[in-house]
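A.B. asks: coords please:
(3 chains)
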Amino acid sequence: MPELPEVEHLRRTLEPRLLGRRVVDATLHRRDVAVGPKDPPGGFARQRAVVRPSRLRAAQLLADATIERVDRRGKLLAIIASDGRALGVHLGMSGQLFWAPAGARLPTDHVHATWRLDDRSRLLFRDPRRFGGLWLAETRDELPPWRGLGPDALTLPPEHLAGLLAKARRPIKAALLDQGLLAGVGNIYADEALHRVGIHPAELACEISAPRALRLGEALRELLRLAVEAGGSTLRDYRAAEGQAGAFQLQHAVYGRAGQACLTCGEVLESGMLAQRTTVWCPRCQGGL
DNA sequence: ACGATACCCTGATGGC
DNA sequence: TGCCATCAGGGTATCG
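C.D. replies: All right, here's what the predicted structure looks like:
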């Protein structure tokens, strides 16, 4: 559920708390949520029923390092140390990064990693469903998930979208969800963006004309910008660094509203499965197909 | 190269 | 009240 706006808002709430802080120590409570430079290539260390514990030692989770900045690309966060090392954090479906000052209460269940900082504050990674994970690499650009990502959806110039879509012979919704094509858009914001510009989610990406692709690019950028400003969408699990919920879910026009009236034209919103994801659209506003 | 499918996982929800 | 089935969705791997 956390998509680009949620991760960007988390980044913005987290960065001021971490900047210049030295990591006193780090604890990895579950080794199978982390992937280090010496682990076999591939995605997560955990594969199917076979649990492959990471060879990462806790000390490699930036212990003793000083945090210089927090970067983001798509839905991936990268905590960068002054020596260049990078800790990648993906929230998956239910992942959270919490920061709390010395002595403050923090959740204890489903906590897979904890960092203690030199001002006695703590950072922790919690992820009940464990679809998320941690990666460590010598540099940010060597983080395996970072390398596979397309351009970031928030900063992509809208006029570049047409070129990306022209090569995708599949439904526009499937293309928008492809993180290698464009990084950051998930199920919520794909549906919302397509509704805003009146494009049916099943329309083939390569058949969208350049002017319409441009409008989609502009709408997507504006949508993501507004969602970041609102603190992201909190449906259930998403929280910012100090536990704050987002508010953008109140402005969703289609996501989660199947069977209800379109806010633009009053037509009943339809839903179906597309690219293995629940998809909601307005048959009148997005009728093109 | 693409699409469809299975799988990972837990918590919420609804039916009986 | 409890039990079970179903759903949600970020990804990756695998097969066609």
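A.B. asks: does DNA strand B sit close to the helix or strand harbouring residue A:97?
C.D. replies: Here residue A:97 sits within strand A:96-100, counting by DSSP states H and E. No. In terms of C-beta under 7 Å from any atom of the strand, no part of strand A:96-100 sits within range of DNA strand B; the closest distance is 12.2 Å. In short, each C-beta sits where N, CA and C put it, glycine included.
A.B. asks: sheet-wise, list the partners of that strand with their directions.
C.D. replies: The strands beside strand A:96-100 in its sheet (DSSP bridges) come out as strand A:122-126 (antiparallel).
A.B. asks: tell me the buried residues in stretch A:4-24?
C.D. replies: A:4-11, A:13-15, A:17-18, A:21-23 (16 or more other C-beta atoms under 10 Å).
A.B. asks: closest to DNA strand B among these?
C.D. replies: The shortest approach to DNA strand B among the buried residues of stretch A:4-24 belongs to residue A:6, at 17.8 Å (C-beta to the nearest atom of the strand).
A.B. asks: now the helices for the stretch 101-250 of chain A?
C.D. replies: Using DSSP state H, counting those that start in this stretch, the helices assigned to the stretch 101-250 of chain A run over residues A:144-147, A:161-166, A:172-177, A:187-197, A:210-229.
A.B. asks: buried set for the last one?
C.D. replies: This means helix A:210-229. Result for helix A:210-229 [16+ other C-beta under 10 Å]: buried residues A:212-221, A:223-224, A:227-228.
A.B. asks: please apply the same query to the third one.
C.D. replies: Applying a neighbour-count criterion of 16+ other C-beta under 10 Å, one finds A:172, A:173, A:174, A:175, A:176, A:177 buried in helix A:172-177.
A.B. asks: for the second one, give me its contacts.
C.D. replies: By that I understand residue A:173. Shown in contact with residue A:173 (C-beta atoms under 8 Å, 6 or more residues apart in numbering): A:190, A:191, A:194, A:201, A:202, A:274, A:275, A:277, A:279.
A.B. asks: would you format those residues as JSON lines with pLDDT and neighbour count included?
C.D. replies: JSON lines is the format used below for the contacts of residue A:173 (pLDDT from 0 to 100; neighbours: other C-beta atoms under 10 Å):
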{"residue": "A:190", "pLDDT": "92", "neighbour count": "25"}
{"residue": "A:191", "pLDDT": "92", "neighbour count": "29"}
{"residue": "A:194", "pLDDT": "94", "neighbour count": "27"}
{"residue": "A:201", "pLDDT": "92", "neighbour count": "23"}
{"residue": "A:202", "pLDDT": "90", "neighbour count": "19"}
{"residue": "A:274", "pLDDT": "87", "neighbour count": "21"}
{"residue": "A:275", "pLDDT": "83", "neighbour count": "18"}
{"residue": "A:277", "pLDDT": "88", "neighbour count": "16"}
{"residue": "A:279", "pLDDT": "90", "neighbour count": "23"}
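A.B. asks: count of neighbours near the closest residue to residue A:225 other than its chain neighbours?
C.D. replies: Of all residues not flanking residue A:225 in the chain, residue A:154 sits nearest, at 7.1 Å (C-beta to C-beta, 6 or more residues apart in numbering). Look at residue A:154: counted by other C-beta atoms under 10 Å, it has 20 neighbours.
A.B. asks: check residue A:121 too.
C.D. replies: Neighbours around residue A:121, by other C-beta under 10 Å: 17.
A.B. asks: try residue A:251
C.D. replies: With other C-beta under 10 Å as criterion, residue A:251 counts 13.
A.B. asks: what backbone torsions are found at it?
C.D. replies: The phi and psi values for residue A:251, taken as degrees, to the nearest 10, are phi -110, psi 10.
A.B. asks: the nearest residue to it once chain neighbours are set aside and residue A:150: what is the separation?
C.D. replies: Once flanking residues are discounted, residue A:251 sits nearest to residue A:230: 6.9 Å by C-beta to C-beta, 6+ apart. Distance of residue A:230 to residue A:150, computed by C-beta to C-beta, to the nearest Å: 25 Å.
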